[in-house]
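K.L.:
sequence-free structure coming up:
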């Protein structure tokens, strides 16, 4: 059962020294450290740390914001740690998930995070529905006009290959297939 530390600062101008001192004082067996933004998923040392942790290990960090990219990410980590029986100690917030009080605090934070995510999703869905009622169209406007779709269709019927049509119209092959399908379904409705 290892005591594994993780330290992170956001930019190269910041120092890891304070966090590393705290992690050494907490008697970590191994410490992962990096200078990367917490918002990015590209954190090699964080990924190496997560891969190293095993059942019964304890991850030690100085503050929660050093670990997770977002509240949602924290919630996901809480579920993963619970499933894999990995303890978490947050030095700056006195959280220790090996104790019942620490688990309660951490799970409350994770539950609040999940609740906020659910509320945000509901509000977003309601906003999208309202916008659609008001005639707002989502997504990028189509590059193809009905005339272009028909021209693609007639050239295909005349023997042009999908690749030739894609080059001529400067479109992807998938777009050519969708254009052909749209013309066929339009013809079938008439």
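P.N.:
Everything's here; your move. Everything numeric here is computed off the predicted structure, so don't read it as measured data.
K.L.:
All the helices of this protein, residue numbers only.
P.N.:
17-25, 44-52, 71-84, 100-133, 146-157, 162-169, 173-189 (DSSP state H).
K.L.:
what's the closest of the ones you listed to residue 140?
P.N.:
Nearest of the helices of the chain to residue 140, taken as Cβ to Cβ: helix 173-189 at 11.8 Å. C-beta: built from backbone N, CA, C; applies to glycine.
K.L.:
Quick one: neighbours of residue 19, just the number.
P.N.:
Residue 19 is flanked by 23 other residues according to other Cβ atoms under 10 Å.
K.L.:
dump the residue contacts of it.
P.N.:
Counting by Cβ atoms under 8 Å, 6 or more residues apart in numbering, residue 19 touches 7-9, 33, 62, 66.
K.L.:
Go again with 7 Å.
P.N.:
By Cβ atoms under 7 Å, 6 or more residues apart in numbering, the contact set of residue 19 is 7, 62.
K.L.:
one step back: nearest to residue 92 among the helices of the chain would be which one?
P.N.:
The nearest among these, by Cβ to Cβ, is helix 17-25 at 8.2 Å.
K.L.:
ok so, going back, any chance of the helices of the chain in a markdown table with distance to residue 91 and mean pLDDT as columns?
P.N.:
Below are the helices of the chain laid out as a markdown table (distance: least, Cβ to Cβ, whole Å; pLDDT from 0 to 100):
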| stretch | distance to residue 91 | mean pLDDT |
| --- | --- | --- |
| helix 17-25 | 6 | 94 |
| helix 44-52 | 16 | 93 |
| helix 71-84 | 16 | 84 |
| helix 100-133 | 12 | 83 |
| helix 146-157 | 62 | 90 |
| helix 162-169 | 58 | 93 |
| helix 173-189 | 51 | 78 |
